[in-house]
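Build me a model from this:
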Amino acid sequence: MDKSVETPIAQELAKRQKSISVAEFFEKNRHILGFDSAPRALITTVKEAVDNSLDACEEAGILPDILVQIERGEGDYLIIIIEDNGPGIVKEQIPKVFAKLLYGSRFHALKQSRGQQGIGISAAVLYSQITAGKYTKIISRVDHKSPAHYFELMINTSTNEPDILKDEVVEWVRPHGTRIEIEMGASYVKGRKQSVYEYLKSTAIINPHARIQLVEPDGNEILFERATDEIPKQAEEVLPHPHGIELGTLIKMLQHTERQKLAPFLRYSFSKIGLQTAEEICDAAGLDREGDPHELTRNDAIKLLDAFKKVKIMAPSTNSLSPITEDLIYRGMKKEYSVDFIATAARKPAIHSGNPFVIEVGIAYGGNLPKEDKINLMRFANRVPLLYQQGACALTHAVENIKWKQYGIGQPGGGLPIGPFILLIHIASVNVPFTSESKDAVADIEIIEEETELAVKEVARKLKTYLGKQGDLQKRREKEVIITKILPLLAKKVSAIVEKDTPDIQPVVANIMGNLLVHRVVEKGTESQSGVYFVSIAIRNYGTTQKKFKLHQILPGEIKSPSPPPTNIVSLGNNYDYIWDVTVSPAGSKVFRFMLDGADESDVRYMEEVIVEGLEEDDVTGAKAVGEF
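Numbers count the residues shown, from 1 in each chain. Predicted coordinates:
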């Protein structure tokens, strides 16, 4: 080809080439960040704002109170308002936080947090100005002594810098916090798993310390109340662990360190490397402990990486993590779901790419959950719900890999099991390996799938035990129904034959069933003891295990000469609840006696049933049993 022709074309192509700002890139590739449809754009915006609010409140030690309000704008536009009671943002940082992509404080911090890239909320501002051509309104206040600052902002996509349209001081009722109002092309949907309501419900479960209020476009208000006043343990920032370092990163660290000697560089640049370990690494790499790290070559860096593998180095610290804990997962699920059974499990910290992670699991069964549908799988990463790309997620794959039949759960055709239960899986990590920037699914990392499987199997075993127990109880109920129907007929016929009164068969039923028998007898005093009644409550344990419970007798007046005296007496308005703490060994018995003075026949006739608190109904004969009174 003639070179005289090539040169002008190359020069022409060169003229067209120019740098692209990150804002321009995401302006044309907004689907990467989760703004690929109108419903999802709304959920992504709410998610990013709520995540920021939760992070800010927790870092400041404040119990979060968050308002999410969705209003109809003109045409197909929605107005989204998110307001919190967090620590607020200083005036100088407000424009950059909301109107500059890749601006944040957590990107370089090695600790668990909901967001790190500094993209989320500013991407929502960018999407707003693309779809609605509107600026975003921000109010923030750092304390009650400081003014509230109001901004109207847009992003200059050519420079990735904020355009400040308005900056003024305003009156605001909150003593501290932040409020964002943003209008965009979006749609509000109901009745779907991928909806604002489901996202906030999931967020409330996994963040039981937060109170979240949702106001829907039709004015309907929904409150997700907090289940605990305990703020999560704050994750601590840690140094990188040598087992998670790659060659390019190590070379960069060597070039920019302030240390002048290699051993101190290793000691103060990485976690879990002390003086002795640093010297062992230098020796294993064949490098001078006193050498200048800035002078090390690429080959020297490779030797260091090899030495990291040869020398025994302690596992990374888990202080960088803030797991939810089994107790709070239980409380969160109990708060939002009415079910028959809840179980939780948490694995010990494991390591991936030098970073610790923890898998936590909760399972809720029964209630009004659909029996013939696939289970409701709830996935979370660093306390954030993952609503999309369920089929591409390692957490899902771990559940699908389990043979659920061995736990009494159907799994036709493989995949997710079928049954009336919810399975919650949470991964807490310094660096969750997501499959994309939209952070919808966890990548297929073998160690993560293994840990997830083990945690899920643990709660599955607990569910299997519960289901087995329910089967046994059902058999007991059927047996008791048969006994209580047949024995009275036999007793009645035999009594008629021998011409005697029909006996009380409750002791016989209790004996056959191995139950706790409660038998109350009320005897009227003599003629000279007007209004006096003597009450005895006899208890016998026909079971093979010790029974511990609280015995309640509710009466309209005070009792006299109780033997033994009640453990506690609770006033219930016009009545009193007399409570005894009772422990009865197998085949053992106890009797509780007291006297009623000034009672009449109606008081005795309509005396409240004896209540046993702390035992199952199927384990008690002759009294009302309640799990918790």
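
mean confidence for stretch 284-302?
Stretch 284-302 comes out with an average pLDDT of 91.

residue boundaries of the strands in the stretch 101-250 of the chain?
Under the criterion DSSP state E, counting those that start in this stretch, the stretch 101-250 of the chain carries strands at the ranges 136-141, 148-156, 161-170, 177-185, 211-215, 221-224.

Serialize these to a markdown table and add fields for distance to residue 420.
In this view, the C-beta of every residue, glycine as well, is placed from N, C-alpha and C. What follows is the strands of the stretch 101-250 of the chain, written out as a markdown table (distance: least, Cβ to Cβ, whole Å):
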| stretch | distance to residue 420 |
| --- | --- |
| strand 136-141 | 43 |
| strand 148-156 | 47 |
| strand 161-170 | 50 |
| strand 177-185 | 38 |
| strand 211-215 | 26 |
| strand 221-224 | 23 |
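
for the stretch 351-500 of the chain, what spans make up the helices?
Listed in chain order, the helices of the stretch 351-500 of the chain (DSSP state H, counting those that start in this stretch) span 394-401, 446-498.

which intervals of the stretch 1-150 of the chain have sub-threshold pLDDT?
1-7, 10-34, 102-119 (pLDDT under 70).

Nearest approach to residue 89 belongs to which of the strands of the stretch 101-250 of the chain?
With respect to residue 89, and counting by Cβ to Cβ, the nearest of those is strand 136-141 at 4.5 Å.

Give me the sheet partners of that closest one and which way each runs.
The strands that strand 136-141 pairs with in its sheet are strand 148-156 (antiparallel), strand 177-185 (antiparallel) (by DSSP bridges).

Highest mean neighbour count out of the ones you listed?
The densest packing among the strands paired with strand 136-141, expressed as mean neighbour count by mean count of other Cβ atoms under 10 Å, is seen in strand 177-185 with a mean of 23.

Give me the residues contacting that strand.
Applying Cβ atoms under 8 Å, 6 or more residues apart in numbering, the set of residues contacting strand 177-185 from outside is 38, 41-42, 45, 49, 53, 56, 73, 76-86, 88-89, 98, 121, 124-125, 127-128, 131-132, 134, 136-141, 172.

What are the contacting residues of stretch 235-252?
Contacts of stretch 235-252 (Cβ under 8 Å, 6+ apart): 109-113, 253, 266, 269-273, 281, 298, 301-302, 304-305, 308-309, 313, 316-317, 319-322, 351, 353-355, 430.

returning to that earlier point: between the helices of the stretch 351-500 of the chain, which gets the lowest average pLDDT?
helix 446-498 (a mean of 76).

Quick check, pLDDT for residue 229.
Looking at residue 229 specifically, the model assigns a pLDDT of 89.

How about the secondary structure of the residue nearest to it when sequence neighbours are not counted?
Sequence neighbours aside, residue 63 is the residue nearest to residue 229 in space, at 6.3 Å (criterion: Cβ to Cβ, 6 or more residues apart in numbering). Taken by DSSP: H, G, I helix; E, B strand; the rest coil, the conformation at residue 63 corresponds to coil.

Next, count neighbours for residue 402.
Summarising burial for residue 402: neighbours were counted as other Cβ atoms under 10 Å, giving 18.

nope, residue 137 is what I meant
Residue crowding around residue 137 was assessed by other Cβ under 10 Å; the count is 19.

before we move on, the earlier item: looking at the contacts of stretch 235-252, which are in strands?
When the contacts of stretch 235-252 are checked against strands (DSSP state E), the matches are 351, 355.

Now, of the contacts of stretch 235-252, which are buried?
In the contacts of stretch 235-252, burial by neighbour count holds for 109-113, 253, 266, 269-273, 281, 301, 304, 308, 313, 316, 319-322, 353-355, 430, counting by 16 or more other Cβ atoms under 10 Å.

quick one: which of the residues you listed sit in helices?
If you go by DSSP state H, the buried ones among the contacts of stretch 235-252 have 253, 266, 269, 281, 301, 304, 308 in helices.

Tell me which two in those are the farthest apart.
Distances among those were taken as Cβ to Cβ; the most separated pair is 253 and 281, at 13.9 Å.

Of all residues in this structure, which one is nearest the centre?
residue 206 (2.2 Å; Cα atoms, centre = their mean).

That one and residue 426: what is the separation?
For residue 206, the distance to residue 426 under the criterion Cβ to Cβ, to the nearest Å works out to 6 Å.

Then residue 298?
The span separating residue 298 from residue 426 equals 40 Å under the rule Cβ to Cβ.

for stretch 215-225, which positions count as buried?
216, 217, 224.

go on, stretch 539-547?
Within stretch 539-547, the residues that count as buried by 16+ other Cβ under 10 Å are 539, 540, 541, 542, 543, 547.

Can you give me the pLDDT of the first one?
As summarised for this prediction, residue 539 has a pLDDT of 93.

Contacts only, for it.
516, 517, 518, 519, 551, 582, 584, 589, 590, 591, 592.

Burial check on the first one, number of neighbours?
Applying other Cβ under 10 Å, we find 23 residues neighbouring residue 516.

any idea how far it is from residue 567?
According to Cβ to Cβ, residue 516 and residue 567 sit 18 Å apart.

just the fourth one next, same as before
From residue 519 across to residue 567, the span is 21 Å (Cβ to Cβ).

So between those two, which is more surrounded?
Here residue 519 and residue 567 are compared on neighbour count by other Cβ under 10 Å; more neighbours surround residue 519, at 18 against 12.

Let me know whether my guess that the more buried one is in a strand holds.
Yes - inclusion of residue 519 in a strand is indicated when three-state DSSP is applied.

What residues are bridge-paired with it?
Under DSSP bridges, the residues paired with residue 519 across the bridge are residue 538.

Correct me if wrong: it contacts residue 535.
No - because the distance of 11.6 Å does not satisfy Cβ atoms under 8 Å, residue 519 is recorded as not touching residue 535.

residues shared between the contacts of these two?
If you check residue 519 and residue 535 against Cβ under 8 Å, 6+ apart, no residue is contacted by both.

Domains in this structure, by residue range?
22-224, 242-310, 327-468, 506-626 (automatic domain parsing).

and the closest residue to residue 265 other than its chain neighbours, what is it in contact with?
The spatially closest residue to residue 265, leaving aside those adjacent along the chain, is residue 259, at 4.0 Å (Cβ to Cβ, 6+ apart). With contact set as Cβ under 8 Å, 6+ apart, residue 259 has these partners: 265, 268, 269, 293.

For the closest residue to the third one other than its chain neighbours, give its distance to residue 307.
Nearest-residue entry for residue 269: residue 253, 5.9 Å, with adjacent residues in sequence omitted and distances by Cβ to Cβ, 6+ apart. Here the criterion is Cβ to Cβ. By it, residue 253 lies 15 Å from residue 307.

try residue 82
Counting by Cβ to Cβ, the gap from residue 82 to residue 307 is 49 Å.

List the contacts of the closest residue to residue 388 other than its chain neighbours.
Spatially, and ignoring its direct neighbours in sequence, residue 388 is nearest to residue 440 (4.1 Å; Cβ to Cβ, 6+ apart). By Cβ under 8 Å, 6+ apart, residue 440 lies in contact with 34, 386, 387, 388, 389, 392, 393, 434.

In strands only, show me the residues you listed.
Mapping these onto strands (DSSP E) picks out residue 386.
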